[in-house]
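A.B. asks: how does the following fold in three dimensions:
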Amino acid sequence: MPNTVLMLPLTMILLWQSCETISPRSENGGGRPTLANSVIQCDFSEYAPVRIDHFDSDAVLKQIQPEYPTEGIIRRVQGRVTVKALINRKGQVEKACAIEGESELRAPAEIAALQWKFKPGYGLAFVRPKTKKNPKNYAEVYIVFDFKLPVTG
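C.D. replies: Numbers count the residues shown, from 1 in each chain. Below you'll find the model as predicted:
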């Protein structure tokens, strides 16, 4: 019997590759999530966040740079990783999801993003009032990390 190749639309493949979410409150046992689980975890719409299109570096109170993974150094992988982050009213990152970048660099970028701290209420100046359906207010930001290997002589 020949091997079967699963053909998915390109958008589904990109979502699967980019939507492994790391959260300090994650129920994920550390294994690679399934396609459906990944897409759901990366979707912050249930939080109805205010999307911040223009990143304000003055709003960042604590900024952590990711550790370069050993595998990435060995394989000489470098580049940018974009992380979508969900910010609560207190300015803490509750969830982080790498949406672009090399696979070896995504987890360290997500771990670093989870440690960032923003000014309380960041991005919530024009948010609607709290309701039973949406008892908390959140902001969604995109953080870009540049992974560059040191130049060797």
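A.B. asks: if we go by neighbour counts, what in the helix or strand where Val83 lies is buried?
C.D. replies: Using DSSP states H and E, Val83 sits in strand 79-87. Under the neighbour-count criterion of 16 or more other C-beta atoms under 10 Å, strand 79-87 has 81-87 buried. All C-beta spots, glycine's among them, are computed from the backbone N, C-alpha and C.
A.B. asks: got it, and stretch 108-122?
C.D. replies: Across stretch 108-122, burial judged by 16+ other C-beta under 10 Å covers 108-114, 116-118, 121-122.
A.B. asks: turn the residues you listed into a markdown table, including distance to Arg51, secondary structure and pLDDT.
C.D. replies: Output for these, formatted as a markdown table (distance: C-beta to C-beta, whole Å; DSSP: H, G, I helix; E, B strand; the rest coil; pLDDT from 0 to 100):
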| residue | distance to Arg51 | secondary structure | pLDDT |
| --- | --- | --- | --- |
| Pro108 | 25 | helix | 97 |
| Ala109 | 19 | helix | 96 |
| Glu110 | 19 | helix | 96 |
| Ile111 | 23 | helix | 96 |
| Ala112 | 21 | helix | 97 |
| Ala113 | 16 | helix | 97 |
| Leu114 | 19 | helix | 97 |
| Trp116 | 17 | coil | 97 |
| Lys117 | 20 | strand | 97 |
| Phe118 | 14 | strand | 95 |
| Gly121 | 16 | coil | 86 |
| Tyr122 | 12 | coil | 85 |
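A.B. asks: any idea which of those residues is closest to Thr152?
C.D. replies: Among the buried residues of stretch 108-122, Pro108 lies closest to Thr152 (C-beta to C-beta), at 21.1 Å.
A.B. asks: wait, the closest one sits on Pro69?
C.D. replies: Yes. With contacts counted by C-beta atoms under 8 Å, Pro108 reaches Pro69, the gap being 5.4 Å.
A.B. asks: report the two of the buried residues of stretch 108-122 separated the most.
C.D. replies: Pro108 and Gly121 (28.6 Å).
A.B. asks: low-confidence stretches in this protein?
C.D. replies: Residues of the chain that meet the criterion pLDDT under 70 lie in 1-41, 125-135, 153.
A.B. asks: pretty sure Glu104 sits against Gly72.
C.D. replies: Yes. Using C-beta under 8 Å, Glu104 is in contact with Gly72, at 4.4 Å.
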